[in-house]
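In: Okay, structure incoming, though there's no sequence with it:
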């Protein structure tokens, strides 16, 4: 049986500015074990991090051709059921209605998105960066090659 790797990817379909702005907007406590996210506070570091991520994913796509599933964030937020069904089919998993009701899950969540996962799929964040566009020019210029 071939190895299958599934990954959510913020490829070009989700503007790089949105990805990095979302990291910039999240406040991280810079004490152990969170000092590893220092890059989220500096535009150059954000560009470097995104460059690493992009190169990293390209490497794995080359190593495992046609075995990594990329999903467009906008497609997922606007067509949640359709995109979730495609992902589950790719992973050879059965459909479960609870996939659409992830926000109802009562398990503990200890991530930066702990409050967000208790809400339905959010739409609209992809354009939020535009109100900060003038201030994001160093970031935008750094990401132009992507």
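Out: Yes, it's here. Bear in mind the structure is a predicted one, so any value in this text is a computation, not a measurement. Numbers count the residues shown, from 1 in each chain.

In: While we're on residue 135, how confident is the model there?
Out: What the model reports as pLDDT for residue 135 is 85.

In: Remind me which helix or strand it belongs to.
Out: Using DSSP states H and E, residue 135 sits in no helix or strand.

In: That one: what's it in contact with?
Out: Contact analysis of residue 135 by C-beta atoms under 8 Å, 6 or more residues apart in numbering lists nothing. Every residue, glycine included, has its C-beta placed from N, CA and C.

In: And it, how far from residue 97?
Out: 42 Å (C-beta to C-beta, to the nearest Å).

In: Shouldn't residue 71 be within a strand?
Out: No: according to DSSP: H, G, I helix; E, B strand; the rest coil, the state of residue 71 is coil, so it is not within a strand.

In: is it true that it touches residue 87?
Out: Yes: contact criterion C-beta atoms under 8 Å: residue 71 and residue 87 qualify, at 6.3 Å.

In: For this protein, which segments are assigned as strands?
Out: Under the criterion DSSP state E, strands of the chain are mapped to 5-6, 68-69.

In: Thanks again, I'm all set now.
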